[in-house]
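Peer 1: this one's structure only:
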Ligand SMILES: *Cc1c(COP(=O)(O)O)cnc(C)c1O
């Protein structure tokens with residue numbers, strides 16, 4: 001690893017009580033360039049701008065994918081990653097689907113740990129606080145040719161994140177637009193998947209909803225995901241989530257919720273969820289909870305489902321009665337070292353990694 005420490009760190013002016021998520025970047029970043037069929041040296045450098053051409057293939061043809069993950073600081077100041085090997089495996093799955101080169105463990109996991117370690121003072125401490133980390137791969141070759149690019153960049157940037165608490169939201173069950181299709185790129189964290197979702201989401205917002213529940217592209221009769229999160233439905237005391245597929249992204253939060261539900265003995269069914277069954281359950285009062293899960297906010301609880309012009313209301317449950325909030329707490333307690341970690345999910349970020357490199 002090549003290391004250029006910042007000579008002008010901004011950390012002393014960082015106020016963990018008052019910062020803007022997504023716009024505040026830690027002092028360093030990881031970059032690594034792919035050329036002539038191989039990755040070059042992993043570089044830890046000061047965060048900053050990079051020079052690219054408008055003719056770069058990543059922006060013209062969308063060869064770009066990313067990950068989203070977090071580092072957490074416990075009450076003693078120890079820093080942990082959560083299941084980072086899952087993000088490593090997934091970025092390579094996304095890269096393969098987009099015909100991009102896979103990254104190595106040294107670039108991803110060691111780069112990640114070195115970056116989080118050197119900028120550990122940027123990780124805000126306290127309930128719900130974390131460092132949001134964004135590894136990404138994109139085509140940098142300057143060429144207006146619609147083919148697989150020959151040059152890429154792998155980068156890791158990070159921004160401090162605040163409390164995950166969010167108000168319950170209203171979501172529209174899509175009866176026209178879709179996020180993914182059979183044979184498509186729905187299971188890859190492709191940048192373009194997000195671009196394609198913004199317009200339908202904007203339309204839903206104009207109708208008074210906060211998000212969309214994506215349904216299958218051919219019939220719109222089955223739930224797939226909600227916004228950029230995986231979706232769970234509770235009918236009576238049973239939880240349902242659809243199986244992952246090439247249309248449903250294999251979320252790490254989803255996988256963790258399933259394991260935690262099993263551990264608690266909550267009945268968990270991994271099977272397709274039909275819109276009809278959810279609407280019926282709402283009408284007969286057995287629909288207890290619907291929520292989305294993902295790294296960014298952990299859980300987004302839904303208070304209403306919009307379907308064909310009707311607004312179906314959901315009860316708002318307290319932590320005691322809510323499976324969503326109970327499982328969220330179980331997960332966050334493990335992530336932040338407030339509970340035992342029976343699954344071995346936490347990964348400690350050792351101090352002064354770079355001095356031993
Ligand atoms: C990232 C993402 C998720 C959530 O995955 P996590 O690993 O839980 O953060 C779900 N759906 C889509 C479409 C995503 O891009």
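Peer 2: Perfect, I can see it now. As the structure is a computational prediction, the values presented were derived from the model and not from experiment.

Peer 1: Look up the closest residue to the one residue in the stretch 101-250 of the chain that gets nearest to the ligand, ignoring the ones flanking it.
Peer 2: Ranked by C-beta to the nearest ligand atom, the top residue of the stretch 101-250 of the chain for proximity to the ligand is residue 249, at 3.8 Å. Yep, even glycine has a C-beta here, placed from its N, CA and C like the rest. For residue 249, ignoring the flanking residues on the chain, the nearest one in space by C-beta to C-beta, 6 or more residues apart in numbering is residue 187 at 5.6 Å.

Peer 1: This protein against the ligand: which residues are in contact?
Peer 2: Contact residues (C-beta under 6 Å from any ligand atom) of the chain with the ligand: 68, 189, 225, 228-230, 249, 251-254, 294-295.

Peer 1: burial of the residue nearest to residue 249, as a residue count?
Peer 2: By other C-beta atoms under 10 Å, 19 other residues sit near residue 187.

Peer 1: where does it land on pLDDT?
Peer 2: At residue 187, the model reports a pLDDT of 97.

Peer 1: So residue 68 versus residue 209, what's the distance?
Peer 2: 23 Å (C-beta to C-beta, to the nearest Å).

Peer 1: So for those two, which sits in the more crowded spot?
Peer 2: Just comparing residue 68 and residue 209: by other C-beta under 10 Å the higher neighbour count belongs to residue 209, 20 against 17.

Peer 1: give me the element the closest residue in space to the more buried one that isn't next to it in sequence is part of.
Peer 2: Once flanking residues are discounted, residue 209 sits nearest to residue 172: 4.2 Å by C-beta to C-beta, 6+ apart. If you go by DSSP states H and E, residue 172 is part of strand 169-173.

Peer 1: what does the following helix or strand past that strand rub up against?
Peer 2: Next along the chain after strand 169-173, taking DSSP H and E as the criterion, comes helix 191-206. Residues from elsewhere that reach helix 191-206 (C-beta atoms under 8 Å, 6 or more residues apart in numbering): 62, 64-66, 136, 138, 171-172, 174, 176-177, 179-180, 185-186, 210-212, 214, 227-228, 306.

Peer 1: mind running it again at 7 Å?
Peer 2: 62, 64-66, 172, 174, 177, 179, 185-186, 211-212, 228 (C-beta atoms under 7 Å, 6 or more residues apart in numbering).

Peer 1: same check, this time on stretch 156-169
Peer 2: Contacts for stretch 156-169 (C-beta under 7 Å, 6+ apart): 16, 19, 21-22, 24-26, 29-30, 47, 70, 111-112, 115, 122-124, 127-135, 210-211, 297-298, 300-303, 316.

Peer 1: from those residues, which would you call buried?
Peer 2: Buried members of the contacts of stretch 156-169, scored by 16 or more other C-beta atoms under 10 Å, are 19, 25-26, 29-30, 47, 70, 111-112, 115, 122-124, 129-135, 210-211, 297-298, 300-303.

Peer 1: Which members of these are positioned in strands?
Peer 2: Those of the buried ones among the contacts of stretch 156-169 mapping onto strands are 29-30, 70, 130-135, 211, 298, 300-303, per DSSP state E.

Peer 1: Surely residue 72 and residue 130 touch.
Peer 2: Yes. Counting by C-beta atoms under 7 Å, residue 72 does reach residue 130; the two are 5.1 Å apart.

Peer 1: list the contacts for the closest residue to residue 276 other than its chain neighbours?
Peer 2: Leaving aside its sequence neighbours, residue 276 sits nearest to residue 221 (C-beta to C-beta, 6+ apart; 6.8 Å). Listed by C-beta under 7 Å, 6+ apart, the contact set of residue 221 reads 215, 274-276.

Peer 1: So which of the residues you listed sit within strands?
Peer 2: residue 215.
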